[in-house]
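>>> need coordinates for the following:
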Amino acid sequence: MQPAELPYVLPPGEHLEADVVLRIPSSAEPGLYPLRAELAVTGSGADALPPSWRQVVEDVRTVTVGEPGGHLLKLVSEPQAVDVKAGETARLSMTIGTDALAGLTAEAHLISPWGTWEWMGPAAAGVEVPA
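Residues are numbered from 1 along each chain as shown. Below is the predicted model of the structure:
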């Protein structure tokens, strides 16, 4: 992928637009290939910024080669019902997988009625899903 890195300085109120060229080898198997682009604050003065501003932000685009079958992200096993009595804890889990030919990241968010948020946790969980 060209360029592999794109360093820049972005003044307030401005934006950056750049073309990225992707070359797919003729030997590439048909399939789904998630490509990750990351944006990170670096350079002198980065340590002086609040931690939330230094968080790495990423975006993913899937490149499709040929006529692939399968799914980018799929449930391998669905969550089972969980009954919890007052004062007890329980674990809610599921298994996810991918048919993609490169690893990807996934994030699950817990959704519960208003007023129950302090009883639940973690609010979100991330995982790396291997190819």
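>>> which residues are in contact with G121?
Shown in contact with G121 (C-beta atoms under 8 Å, 6 or more residues apart in numbering): L110. (Glycine included, C-beta is placed from N, CA and C.)
>>> actually M120, sorry about that
By C-beta under 8 Å, 6+ apart, the neighbours of M120 are L110, S112.
>>> excluding chain neighbours, what is closest to the residue most central in space within the chain?
Note on the chain: the residue nearest the mean C-alpha position is T105, at 4.0 Å, using C-alpha atoms, centre = their mean. Excluding its sequence neighbours, the residue lying closest to T105 (C-beta to C-beta, 6 or more residues apart in numbering) is E128, at 5.6 Å.
>>> wait, a strand at the one you found?
Yes. Under DSSP: H, G, I helix; E, B strand; the rest coil, E128 sits within a strand.
>>> returning to that earlier point: quick one, phi psi at the residue nearest to the centre of the chain?
Backbone geometry at T105, expressed as degrees, to the nearest 10, gives phi -110, psi 150.
>>> can you give me the pLDDT of A106?
Looking at A106, its pLDDT reads 89.
>>> what's the residue nearest to T105 in contact with, if anything?
G103, L104, T105.
>>> distance to A48 added to those residues, as TSV?
What follows is those, written out as TSV (distance: C-beta to C-beta, whole Å):
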residue	distance to A48
G103	34
L104	33
T105	28
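>>> which of these lies closest to A46?
T105 (23.0 Å; C-beta to C-beta).
>>> so how far is A125 from the residue nearest to the centre of the chain?
Using C-beta to C-beta, to the nearest Å, one gets 11 Å for the distance from T105 to A125.
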